[in-house]
Each structure stands twice: as structure tokens, then as C-alpha cells.
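Novice: The amino acid sequence is not available; the structure is as follows:
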């Protein structure tokens, strides 16, 4: 596949992910809903899985995480925007590491039981690891610095909070995997590039305007 389509797809899906983290995430937090687990299970997993099975390209999900995390930095509505950005970027990296271990090759059979279990493990692993990495790096970048003893008391909370992300991921993964036969190369360049760039730009404009 042409690098132009991959880079444009990375920008588009990463922008949509970042937009969801900011707009939908902040709306969920207003109502005291578990925004992190919901966003990871639905948007982070859903969009990264969609990109992997349709573009069939490694490294794209890390790029999406960098785009989404960078976009999060442009909208510091909450005091934890740096922590959120780090978590988002870490989720892209963790997905890249876990996906080959939990799923068959693109041309192999993908039974429903494996789709569900892969979604559960991917979503849980991405959420929990991203959460932990963000806590470590955020503390390390602060004046107080990171101390391992300060992290241990929060680990049970982090591990338990990931259960919701796992359940959501188990439901989202089979829905997204149904698109595994989609071929992005069939989309006309005259449609693909303008639409992708316009939608990406709208995401950034909307975030910057909030």
C-alpha cells in the first residue's frame, strides 16, 4: 500500500481518537462515568484494530497514538492533560506489542471465540499498561520525581479499573473484525485524500476551538 495512504490514514484515525478522548471523554467525566475504560475499550481499541486489519500495516497504531496524544496536549481542559497524553501514546505502543501475540495472520481464520478473547486481553492490556506508564512518566517529569513505593498502593485500583475496558473490548473487537476483508486500496484517491484530510482538520479545529 502507498505510504501516502498509510500516513493519511494514521492522521485521520489518530485525529478521531484524540477528538474522542477530548470531547467525549470530558463529557463522560462531567457525569462521573469511567471515561478512561470506556474510551480505551471503544475508541482506542476500535480505531487501532480497524487500522490494523484494514491497512495491515505495523507501526500505524503507534503513529495514531502519537497523533491523538499530541492533540490532547493542545486542549488542556483538565489538569491531567499531560498524564492523559502520555497514556494515549503508551496505548499505541502497547497495542503494537500485544497484537501479534494475540491474533492470527491476516489471511487466517479468526473464530468468534478468538475475536472476543483477543479483544478482552488487548483492551485490558492496553488500558492497564497505558495507565501505569502514564503514572510513572508523569511523576518522573514532575518536581517530586517518581518513587516506586508511591505506585504500589494504586496498582489494585488500576488493575480493577481495567475490567470494564476488557468487557467493552470483548464486545467491540468482533464488530470491528467483521471489516477485515475491507480493502482500503479500492477507495479512489480523489475521495480518500480529500475526505481524510478534511475530517482530520475538522477534528483539530474543533479541539482548538473548545
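Specialist: Structure's in. What do you need? Because the structure is predicted, anything quoted here is derived from the model rather than measured.
Novice: Would you confirm that residue 65 contacts residue 18?
Specialist: No: using CB atoms under 8 Å, residue 65 is not in contact with residue 18; the gap is 9.4 Å. Where C-beta positions appear, they are placed from N, C-alpha and C, glycine not excepted.
Novice: what's the worst-scoring helix or strand of the chain on mean pLDDT in contact with?
Specialist: Between all helices and strands in the chain, the lowest mean by mean pLDDT, DSSP states H and E belongs to helix 148-151, at a mean of 82. Contacting residues not belonging to helix 148-151 are listed as 132, 135-136, 139 [CB atoms under 8 Å, 6 or more residues apart in numbering].
Novice: got it, and stretch 195-203?
Specialist: 8-9, 11-12, 15-16, 18-19, 71.
Novice: Highest neighbour count among these?
Specialist: Within the contacts of stretch 195-203, most neighbours by other CB atoms under 10 Å means residue 18, with 30 neighbours.
Novice: what's the nearest residue to it if we skip its chain neighbours?
Specialist: residue 71 (3.2 Å; CB to CB, 6 or more residues apart in numbering).
Novice: same deal with residue 132?
Specialist: Spatially, and ignoring its direct neighbours in sequence, residue 132 is nearest to residue 158 (6.2 Å; CB to CB, 6+ apart).
Novice: residues near that neighbour, how many?
Specialist: What residue 158 shows, counting by other CB under 10 Å, is a neighbour count of 16.
Novice: Which elements pack onto the helix or strand encompassing it?
Specialist: According to DSSP states H and E, residue 158 maps onto helix 155-177. Where contact means 3 or more CB pairs under 8 Å, 6 or more residues apart in numbering; DSSP states H and E, helix 155-177 is packed against helix 35-39, helix 45-55, helix 112-141.
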